[in-house]
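*Asks:* for reference, the sequence and a predicted model appear below.
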Amino acid sequence: MSLNRREFMQIMGMAAAAGMLPGCDSKTPGSGNATVGAGAPGDVYNIPKFGNVTLMHFTDCHAQLLPIYFREPNVNMGVGGAHGQPPHLVGNKLLEHFNIKADSLEAHAFTYLDFAEAAKVYGKVGGFAHLRTLVKKIRADHGANKTLLLDGGDTWQGSGTAYWTRGKDMVGACNLLGVDVMTGHWEFTYLDEEVISNVRDFKGDFVCQNVFVKDDASFDYQFAEYEGYNEETQRAFKPYTIKEMEGGIRVAVIGQAFPYTPIANPGRFIPDWTFGIRDTEMQSTVDNVRATEKPDVVVVISHNGMDVDLKMASVVSGIDVIFGGHTHDGVPQPSVIKNKGGQTLVTNAGSNGKFLGTMQLDVRNGKVQDFRYKLLPVFSNLLEPDQEMANYIEEVRRPYLSALTEELAVADQVLYRRGNFNGTFDQIICDALREVGGAQISLSPGFRWGTTVLPGQTITMDHVMDQTAITYPETYVREMTGKVIKEILEDVADNLFNNDPYYQQGGDMVRLGGLDYTMEPKAGFGKRVTDMVLDDGTKIEANKTYTVAGWATVGSKAPGAPIWDVVAEYLRSEKVAKVKKLNTPKIIGMEGNPGIA
């Protein structure tokens, strides 16, 4: 059980007096220093004034309106040029790289280390009522007309209420929060007419330079009246927006939606739209914006994933900052990437409402002269909830409260998802699929969203929906050959471990139940997965058929019950949620990789 706010503040005060909280140095030009503490609990969110523009950024909140627990990964491997580079650092290696003190509030925020025990002390993170308090404080401290709030997407999906309201609950929450500009990914997993409806209800600007109307749909485009559509360019949404700040400073915000949306998610929901990385169009957009709009600052809110952003920053010039998302990496400092136009700062701000990035810019003579950056963990014990937002959240949850609060089982250990391979909550889902479906093997997507449950905590339907709430939740049980199973694993592995970031889709490895294997990330395509065996040691044979259960089919709709019903049925029968065996692969060829703990 976590401490209440008063007890927490007392302990934090004693820790500060003993010099146990991380300090921060805001005097180093361009340091991008990321530490959050300045000597006392009340100082954690007191950011020294600097420059004349402050850009706030959150991303991948996945519809988490309430404070939650969220464990960072202990496996986040980088290959090729990404080896040993942010964001592919975990645990103590991350602390060393960013000079973060061990056993501190910040160490808990950015790593998995001693997670369960630290979570009991520091409490939950995120929550839109607490986030709104922080956003309002920063606006008040640094000037409402000197600040912007940017949302990197994956906002309208990830909870039961988001699923049941088709994202409307989050549109309302973001309007109340004061989001100025956003882009998207899971936003596009609702039906296209629902997407357009939500964008129209959103009070900020929805920008995506890389989403176009297909040629065969453009002649009789069903959303031709939508104000963001450009018939001449065939862009489905506005590519950018211009925000004028105090002193006449003009900030251009360009949107980059997730490039692989119709591949990683069902294209059948959004049949008229085509996506892609489109770095050539990005360069053209930047050049056009700079030539015609004369901005002092050009930023991109991106849902590429950090490795893709790092590559894009190296080949596209003229961008001052990329505020990145999709890969859920909480990176304390921006990467500085050189390109032919100078340099671009690349950030990534974690997920689940756990962090708020703050980029302070010194803008003079028509360009950025210097910056400061802090990625602030949003600890609910350190921030009073905003009452107006708290009331809104209570209102939108009320119709679904009886279903969400159903108690299903008790957690036997930390149940989490995030990591390149099976998390413990993923294993619960895989076990449920096998048990309920009577299958030998189960497959579950390598999603990076999903909240954490502590040992001894009651698992509710709310938690299950946090792990499973998608618009294509139907399950299946079917026969697959060993050859097909291997092809599935190899295809996902190439998406994860391809040396070229432009061929990565940013998720994690497909989760497995009942099957073990060996993984060699550095091997070539089709050669990474070997030694596939069932739990009883029986070797998987290419031509033999196996019964496989799964969910989240991207093509046609599967015939079975929604995954949350399957998991709930399993947990009710188990009563205590135990991971009997974690089906994680044996990893070879990655010795010394700082992305493995």
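*Replies:* Okay, I see it.

*Asks:* for Val321, what are phi and psi?
*Replies:* Note on Val321: backbone dihedrals following degrees, to the nearest 10 are phi -140, psi 140.

*Asks:* next one, pLDDT for it please.
*Replies:* We have a pLDDT of 98 for Val321.

*Asks:* what count of nearby residues applies to it?
*Replies:* Residues lying near Val321 (other Cβ atoms under 10 Å) number 27. Where you see a C-beta, it was placed from the backbone N, CA and C, and this is true even at glycine.

*Asks:* what of the one 3 residues further on?
*Replies:* Applying the criterion other Cβ under 10 Å, we find 34 residues in the vicinity of Gly324.

*Asks:* show me what contacts it?
*Replies:* By Cβ atoms under 8 Å, 6 or more residues apart in numbering, the contact set of Gly324 is 59, 152, 302-306, 309, 346-349.

*Asks:* how about 6 Å then?
*Replies:* With contact taken as Cβ atoms under 6 Å, 6 or more residues apart in numbering, Gly324 is in contact with 302, 306, 309, 347-348.

*Asks:* could you dump those into a markdown table with distance to Phe115, pLDDT and neighbour count added?
*Replies:* Shown next, in a markdown table, are the contacts of Gly324 (distance: Cβ to Cβ, whole Å; pLDDT from 0 to 100; neighbours: other Cβ atoms under 10 Å):
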| residue | distance to Phe115 | pLDDT | neighbour count |
| --- | --- | --- | --- |
| Ser302 | 28 | 98 | 32 |
| Met306 | 22 | 97 | 27 |
| Asp309 | 27 | 98 | 28 |
| Thr347 | 24 | 98 | 27 |
| Asn348 | 20 | 97 | 33 |
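
*Asks:* from the residues you listed, which single one is nearest Ala144?
*Replies:* Thr347 (22.6 Å; Cβ to Cβ).

*Asks:* so Ala119 belongs to a helix, correct?
*Replies:* Yes: counting by DSSP: H, G, I helix; E, B strand; the rest coil, Ala119 falls inside a helix.

*Asks:* surely it touches Phe70?
*Replies:* No: if you go by Cβ atoms under 6 Å, Ala119 and Phe70 don't touch, sitting 9.2 Å apart.

*Asks:* out of these two, which sits in the busier spot?
*Replies:* Phe70 (27 against 21).

*Asks:* the residue lying closest to the more buried one once chain neighbours are set aside: neighbour count?
*Replies:* Nearest in space to Phe70, with sequence neighbours left out and distances taken as Cβ to Cβ, 6 or more residues apart in numbering, is Asn352 at 4.8 Å. As a burial measure, Asn352 scores 31 neighbours (other Cβ under 10 Å).

*Asks:* who's in contact with Asn352?
*Replies:* Neighbouring residues of Asn352 by Cβ under 6 Å, 6+ apart: 62, 64, 70, 126.

*Asks:* from the contacts of Gly324, which land in strands?
*Replies:* If you go by DSSP state E, the contacts of Gly324 have 302, 347-348 in strands.

*Asks:* stretch 248-267: which residues count as buried?
*Replies:* Buried residues in stretch 248-267, counted by 16 or more other Cβ atoms under 10 Å: 249-262, 264-267.

*Asks:* equivalent analysis for stretch 520-527, please.
*Replies:* Within stretch 520-527, the residues scored as buried using 16+ other Cβ under 10 Å are 520-523.

*Asks:* ok so, going back, if I look at the residue nearest to Phe70, how far off is Asp151?
*Replies:* According to Cβ to Cβ, to the nearest Å, Asn352 stands 14 Å off from Asp151.

*Asks:* likewise for Gly80?
*Replies:* Distance of Gly80 to Asp151, given as Cβ to Cβ: 31 Å.

*Asks:* and for Cys174?
*Replies:* Computed as Cβ to Cβ, the Cys174 to Asp151 distance reads 6 Å.

*Asks:* who has more neighbours, the two?
*Replies:* Legend: neighbour count by other Cβ under 10 Å for Cys174 and Asp151, higher for Asp151 (27 against 24).
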